[in-house]
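[1] sequence unknown, structure follows:
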């Protein structure tokens, strides 16, 4: 990470451009939808992009969590957009209502509503990139929080600069850098209320853990920021090494996978490689350790996961998909609230469409109830299946969709679909069908949620 | 890491045995020299090993830093050894005097004196393993401290269970586990004063950073302990991936190394691989980045490190050892305090031998002044060189010594020797010569210290 003078706006813009180039955040000439809460970070980001000659539109979520203050923020951002002369988009959420009806935490509700609406808006506007204003300290806090809970190497990469259409161009800058830019450009801002996710823990870190750390290590945020870049590269090398082992050790024959016992036994580090090799077959750390223990077991012993059986043969570990997985069909009757599928549980509820956004969490689908005919069917996908992917509204084979999404073979084998009257309404956890989407005309929604039980 | 009931001494011993087996800490039947300060950790460790049927001897350092308390600790440990019926060894240091005469911090002085004496004692007793009582929290603190300063993946492995003859069998247990064992076995202990290294920062962490973290994450130490095991395995995979790239990309021809420009350019992640590939040729992060920039430079551009020149050729980066490195000889005259060598600086001073131990820091040599004849000569080692390695006191070729020490080729190329009257007194940074060692009869010592300048 190169240093720059944050009080020099031109230098700041150069640093922004360098970072975006290096991380390939922006296709040439692309417009950016910027999520602006009105806080310093998001105002700075929108201003930086705009004054860098990039076409932006501004989106603001009013979560209605702080009464008049929320409305004040909305007006502030609207005026800011007008000053820049860029389009302004706003939505209002009944965050409390959504949280209590969905029985989730306020923070989680705000996050779902926010990203759901932003993503829907971005698609509707035909803008290729959505930007949020996470900066270095946010990323550093994420790393420290992951580490406090316990994590593997993937918990060390902090907040990623790019995830699909979502980018974070401000990760190269610290909170203090942003403050310097705001001062240099004499930009006003309001208190940030949108970064509500993980509010409790993150604020606890910010106010009770970071200050004593800063006292001993004044440069800790930037140093951890530099470390994050190194960890991210280390993680790439880790993944490359894992894939080498996978290529060498896992042999596919039809629906079964074979791993040679003697060769796997010699691998160092065994625990991590066993975890990575068995993970696609439904293993968590605990099950992967059990599967690794098969190496020292008698032939015939086996470990069963939600999706596969791993059997100790004389010379091989043989991994077979569970039969239930291949042929089973599960019906959801009208009024049914829950159903158990091998590997996960599905909960079903009906909710009023309050027009406040379509959360885009992969594990939850919001379906237009009017399009549904009960009983619904849950089954494994099969060759020949097709749907109308949300946003595309064009018929597409699932096999093709999976290629686009770069799903691995084991991942593909785990995909289930939700069918209504022989039409696929949801490629579960992957993509909603366009025909079943919630629109402004939708009155009632079917909310379907997958919960892993492995 | 398996859980166990720390209040059950038998279960604790089983957990100790499991950990030692898994990390190969103890050759079968080997005796262990245990460093015991008298604190809970070291008393527990000695007791655990002894009651597990392992032959131990106890070593205690009296640093004379806390007056009567220091002597009280010594008596306490002596009695404890007598109770166990195991040999007791003690030494007394003038830590303050050593620190001020060497102009180093008290903590650093204590660490040097301690490990120097322990290692010397271990060798003298012919015991194969030296054990210290670092437990999980020490290791976790090390990780957090490294992270606060900024680090790469190697800063995440905490305190290693094994480094040469030095082992830490108690890393599987937390401070609370140890306290439970002490209570269950009704063992007495004194306040620990020997873990003096990094005292300030470590204590700051312990008293100001850990408590607020513990409040939010009560299980943070054990969780980080588990994470450390995962990071250690991730680091192994990282190293394997790096070595793959080295094999693929670095070709040796005589004294030169060739790296193909186009192939290296395509590597992802480039920054980390460039750092790892260039590091053996005298590059730190900064120089490695400069060397990587050569990929986009005109042929003829080059980067010079302390030991090598990296030249941009048309199709290759060519790495050549610096001429000075190969042929230069540097003389140290009597009274000379400092000398500049390509890649490092040497400082020379004479000190009274106070008989309080021979610090074994690789970068510093303590030489019996009576054996020296000025001028000394500093030169690169060459084929045919031999010495009498410390502890061995038998003639050995340097080429053979390097094989035993598993030095890489680039590492070997960087080795210098200090000669007195055509006899090698010190294979610099590697091993002192036995003939030049400081003994109890030594009156004055020549203290020679290497400081890297790269």
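    Here it is on my side, so go on. It should be emphasised that the depicted structure is a prediction, and the values quoted were computed from it without experimental measurement.
[2] now the element after the lowest-mean-pLDDT helix or strand in chain A, going C-ward?
    Considering only helices and strands, the least confidently modelled element of chain A by mean pLDDT, DSSP states H and E is helix A:323-327, at a mean of 56. Beyond helix A:323-327 in the direction of the C-terminus, DSSP states H and E gives the next helix or strand as strand A:329-332.
[3] just how off-centre is whichever helix or strand comes after that next one within its chain?
    Downstream of strand A:329-332, the next assigned helix or strand under DSSP H and E is strand A:338-341. For strand A:338-341, the distance from its own C-alpha centre to the chain's C-alpha centre is 24 Å (Cα atoms, centre = their mean, to the nearest Å).
[4] what's the answer for stretch A:127-142, then?
    13 Å.
[5] ends of it, how far apart?
    Distance between the boundary residues of stretch A:127-142 (Cα to Cα, to the nearest Å) amounts to 28 Å.
[6] just stretch A:167-182 next, same as before
    By Cα to Cα, one end of stretch A:167-182 lies 21 Å from the other end.
[7] try stretch A:362-375
    The separation between the terminal residues of stretch A:362-375, taken as Cα to Cα, is 23 Å.
[8] tell me the secondary structure at the residue of the stretch 351-454 of chain A found nearest chain B.
    For the stretch 351-454 of chain A, the residue positioned closest to chain B under Cβ to the nearest Cβ is residue A:406, at a distance of 16.5 Å. In this view, the C-beta of every residue, glycine as well, is placed from N, C-alpha and C. What DSSP: H, G, I helix; E, B strand; the rest coil gives for residue A:406 is coil.
[9] please apply the same query to residue A:449.
    Using three-state DSSP, the three-state assignment for residue A:449 comes out as strand.
[10] so it bridges to which residues?
    Counting by DSSP bridges, residue A:449 is bridged to residue A:347, residue A:364.
[11] for chain A, which spans come out with low pLDDT?
    Within chain A, the set of residues satisfying pLDDT under 70 comprises A:1, A:192-200, A:323-327, A:356-361, A:410, A:453-454.
[12] domain ranges for it, per the record?
    Using automatic domain parsing, the domain parsing of chain A gives A:9-230, A:250-321, A:327-452.
[13] please produce CSV containing these, extended by distance to residue B:293 and mean neighbour count.
    Written out in CSV, the entries for those read as follows (distance: least, Cβ to Cβ, whole Å; neighbours: other Cβ atoms under 10 Å in any protein chain shown):
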stretch, distance to residue B:293, mean neighbour count
domain A:9-230, 14, 19
domain A:250-321, 34, 18
domain A:327-452, 32, 17
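[14] residue A:366: which element?
    Following DSSP H and E, the helix or strand that holds residue A:366 is strand A:364-368.
[15] circling back: and the domains of chain A: which comes nearest residue B:122?
    domain A:250-321 (28.1 Å; Cβ to Cβ).
[16] is chain B contacted by the closest one?
    Yes. Remark: domain A:250-321 sits within contact range of chain B at A:268-269, A:271-273, by Cβ under 8 Å from any Cβ of the partner chain.
[17] around residue A:239, how many other residues sit close by?
    Using other Cβ atoms under 10 Å in any protein chain shown as the criterion, residue A:239 is surrounded by 15 other residues.
[18] same check on the one 10 residues further on?
    Residue A:249 sits with 17 neighbouring residues when counted by other Cβ under 10 Å.
[19] the closest residue to it other than its chain neighbours and chain B: what is the separation?
    Distances taken as Cβ to Cβ, 6 or more residues apart in numbering or on different chains put residue A:259 closest to residue A:249, at 5.4 Å, once the chain neighbours are dropped. Using Cβ to the nearest Cβ, to the nearest Å, we find residue A:259 at a distance of 18 Å from chain B.
[20] which SSE is residue A:259 in?
    Taking DSSP H and E as the criterion, residue A:259 maps to strand A:256-260.
[21] quick one: strands adjacent to that strand?
    Taking DSSP bridges as the criterion, strand A:256-260 sits next to strand A:251-253 (antiparallel), strand A:316-321 (antiparallel) in its sheet.
[22] and the shortest one, how far from the chain's centre?
    Okay, so that is strand A:251-253. Mean-position distance between strand A:251-253 and its chain equals 31 Å (Cα atoms, centre = their mean).
[23] try the longest one
    Using Cα atoms, centre = their mean, the distance from the centre of strand A:316-321 to the centre of the chain it belongs to is 31 Å.
[24] still on that earlier bit, what packs against the strand holding residue A:366?
    Judged by 3 or more Cβ pairs under 8 Å, 6 or more residues apart in numbering or on different chains; DSSP states H and E, strand A:364-368 is in contact with strand A:423-427, strand A:431-432, strand A:444-452.
[25] ok, residues contacting that strand?
    A:112, A:358-359, A:418, A:425-426, A:428, A:432, A:436-439, A:442, A:445-450 (Cβ atoms under 8 Å, 6 or more residues apart in numbering or on different chains).
[26] near chain B, which residues of the stretch 1-150 of chain A?
    If contact is defined as Cβ under 8 Å from any Cβ, the residues of the stretch 1-150 of chain A in contact with chain B are A:147-150.
[27] the nearest residue to residue A:383 once chain neighbours are set aside is in what secondary structure piece?
    Excluding the flanking residues, the one nearest residue A:383 by Cβ to Cβ, 6+ apart is residue A:399, at 6.3 Å. Following DSSP H and E, one finds residue A:399 within helix A:398-404.
[28] what packs against that helix?
    Checked by 3+ Cβ pairs under 8 Å, 6+ apart, helix A:398-404 has strand A:386-387, strand A:423-427 packed alongside it.
[29] now tabulate those strands in JSON lines and tack on distance to residue B:228.
    As requested, the helices and strands packed on helix A:398-404 are exported to JSON lines (distance: least, Cβ to Cβ, whole Å):
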{"stretch": "strand A:386-387", "distance to residue B:228": "45"}
{"stretch": "strand A:423-427", "distance to residue B:228": "39"}
